[in-house]
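**Student:** The amino acid sequence is not available; the structure is as follows:
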DNA sequence: TTTGACCGTCAGGGATTAATCAAAGTTCGC
DNA sequence: GCGAACTTTGATTAATCCCTGACGGTCAAA
């Protein structure tokens, strides 16, 4: 169970947040001013997964609390909560060590979204750091007995394995993503080549020819990479 | 140097952000729509420390890009940037996998604060976790009759024993860990050399040449350490 | 059937990227 | 500091991609 500390002097708001977070399965503690908050860490030696921290409080404000924690090498994620919404205040918050800064009043749903985003960031960093590298999601598609593997930039059949070049892969990938839908030459140039100018080129045709040789049973009778005259091309998945 | 990807179709805004981030010492790449952004990851095999992601873009919007990345187990922090500021839109953004959500128009200073907060979060998690690295399994691999022994940095065949240098071993191990998958030069420089800058160097090539001489039956026709033009290299295990 | 727009195809060249190798630089132990 | 082992640089050569542009074929409307 994840542990959360709410530091907020408005009891009503603190209780409201506690209620909602507990409903979501969090273990919640509250502190009604900055001094009490710091005591949780430095006197009671507690630790939390996240701190919800108000700025304007008696005795020690949120900025001071955040700074004190960071100075003490405590890097618990902080979601700062305050009525001060000017850019200067926001900057102060981040500068003090906040991870997010949410001006009051706020929608509960938005609060929860930001709250959860902060928590999930930890999970994600942990996964990124590769402790567990689960089986690689190989993004594959099979056409005419050929397996398209964008992860490895290759196209395998029983007989052979063809290596796709960068442009081949980009184009094919784009067409597949728009499967069934005709895509105009102009759009392809923009999306795949990044060309926004209106150039007359046979470049696309060339790649289509090559991709057809790779994929089609009979390249002269395209089933999968169809020409849509006057428009462009379309990828059509006939089987699986 | 930290690497940032800006995905934004308004060229003016993208250029402005690039200018400011580069001034702060970041290495910036831009993509002008969602498709091009995904290509950076899935085709060019690049990696970034942070993504600045616009929502409203042609062809593939920011929500879709974010979802696609998270589904592919890519957990690069995302700072979402958009004109859509209603609570529903914010929720959509976080639900798609964003780490922060900043409505346009925004003050540059606020953008930079949130941007930096996201990056520093990684540092902080790393510090929290100490140096918890998973124990390395001593795996022995045999290629073309040569046994690779990373423990002793040796490469044994019947005839001889080749001693691997540190860099040779690091590079080889990294390629083997990504067996079958092309790894970009940039990624190799980051993961093996620890260089985050964009240097033009032939250092990798040199080691590839050497490793090929060690491992390949015919170094002029690489079977195991293949070149993937425009991307980098890939280790391919042909037999056991 | 004619006509013009559109598409398929291919050879060749330009541009980019990689391989190679020698030489210089770096690091480390002694 | 010296020398050996290791790594990187830089210039040159080689490879490969991708685009250009021409030509011929095909399609559909008049």
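**Tutor:** Yep, it's here. These numbers come from a predicted model, not from an experiment. Residues are numbered from 1 along each chain as shown, chains lettered A, B, ... in the order given.
**Student:** going forward, measure contacts and count neighbours with C-alpha atoms only.
**Tutor:** Noted.
**Student:** show me where chain A has strands.
**Tutor:** With DSSP state E as the criterion, chain A has strands at A:3-7, A:27-31, A:50-54, A:78-82, A:100-103, A:140-143, A:146-149, A:154-156, A:161-163, A:183-184, A:225-228, A:232-235.
**Student:** of all of chain A, which residue lies closest to chain B?
**Tutor:** In chain A, the residue that lies nearest chain B is residue A:152 (5.0 Å; C-alpha to the nearest C-alpha).
**Student:** Contact partners for that residue?
**Tutor:** Going by C-alpha atoms under 8 Å, 6 or more residues apart in numbering or on different chains, residue A:152 touches B:180, B:181, B:182.
**Student:** Between those residues, which sits nearest chain A?
**Tutor:** Looking across these and measuring by C-alpha to the nearest C-alpha, the closest to chain A is residue B:181, at 5.0 Å.
**Student:** Can you report phi and psi for the closest residue to the closest one other than its chain neighbours?
**Tutor:** In space, and not counting its chain neighbours, residue B:181 is closest to residue A:152: 5.0 Å by C-alpha to C-alpha, 6 or more residues apart in numbering or on different chains. Dihedral pair for residue A:152: phi -100, psi 10, per degrees, to the nearest 10.
**Student:** So for residue A:152, what's the pLDDT?
**Tutor:** Listed pLDDT for residue A:152 reads 85.
**Student:** and the gap between it and residue B:179?
**Tutor:** From residue A:152 over to residue B:179 the distance is 10 Å, taken as C-alpha to C-alpha, to the nearest Å.
**Student:** What of residue A:178?
**Tutor:** Applying C-alpha to C-alpha, the value for residue A:178 to residue B:179 is 30 Å.
**Student:** can you redo the contacts of residue A:152 as CSV with neighbour count?
**Tutor:** Formatted as CSV, those follow (neighbours: other C-alpha atoms under 10 Å in any protein chain shown):
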residue, neighbour count
B:180, 21
B:181, 20
B:182, 24
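**Student:** For residue B:146, state which of the residues you listed is nearest.
**Tutor:** residue B:180 (19.0 Å; C-alpha to C-alpha).
**Student:** The closest one: what's it in contact with?
**Tutor:** Residue B:180 is in contact with A:152, B:234, B:235, B:236, B:237, counting by C-alpha under 8 Å, 6+ apart.
**Student:** Give me the neighbour count for the second one.
**Tutor:** To tie it back to what came earlier, the one meant is residue B:234. Each residue near residue B:234 was counted by other C-alpha atoms under 10 Å in any protein chain shown, and the total is 22.
**Student:** again, but for the last one
**Tutor:** For residue B:237, the neighbour count with other C-alpha under 10 Å is 16.
**Student:** Contact partners for it?
**Tutor:** By C-alpha under 8 Å, 6+ apart, the contact set of residue B:237 is B:143, B:179, B:180, B:224.
**Student:** Same check on the third one?
**Tutor:** Residue B:235 makes contacts with B:175, B:176, B:178, B:179, B:180, B:181, B:182, B:224, B:225, B:226, as judged by C-alpha under 8 Å, 6+ apart.
**Student:** Adding distance to DNA strand C and pLDDT as columns, could you present these in a markdown table?
**Tutor:** A markdown table is the format used below for the contacts of residue B:235 (distance: C-alpha to the nearest atom of the strand, whole Å; pLDDT from 0 to 100):
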| residue | distance to DNA strand C | pLDDT |
| --- | --- | --- |
| B:175 | 14 | 92 |
| B:176 | 17 | 90 |
| B:178 | 17 | 88 |
| B:179 | 17 | 87 |
| B:180 | 16 | 86 |
| B:181 | 14 | 88 |
| B:182 | 11 | 91 |
| B:224 | 11 | 90 |
| B:225 | 8 | 92 |
| B:226 | 7 | 92 |
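**Student:** For ChimeraX, write the selection for the buried entries among those residues.
**Tutor:** Buried residues within the contacts of residue B:235, by 16 or more other C-alpha atoms under 10 Å in any protein chain shown, are selected in ChimeraX with:
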select /B:175,176,179,180,181,182,224,225,226
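**Student:** Relative to the whole chain's centre, how far out is stretch A:146-160?
**Tutor:** Mean-position distance between stretch A:146-160 and its chain equals 28 Å (C-alpha atoms, centre = their mean, to the nearest Å).
**Student:** close to DNA strand C, is it?
**Tutor:** No. For stretch A:146-160, no contact with DNA strand C is found by C-alpha under 7 Å from any atom of the strand; the gap never falls below 14.0 Å.
**Student:** ok, and for that stretch, which residues are buried?
**Tutor:** By 16+ other C-alpha under 10 Å, the buried positions in stretch A:146-160 come out as A:146, A:147, A:148, A:149, A:150, A:151, A:152, A:153, A:154, A:155, A:156, A:157.
**Student:** Sweet, I'm off.
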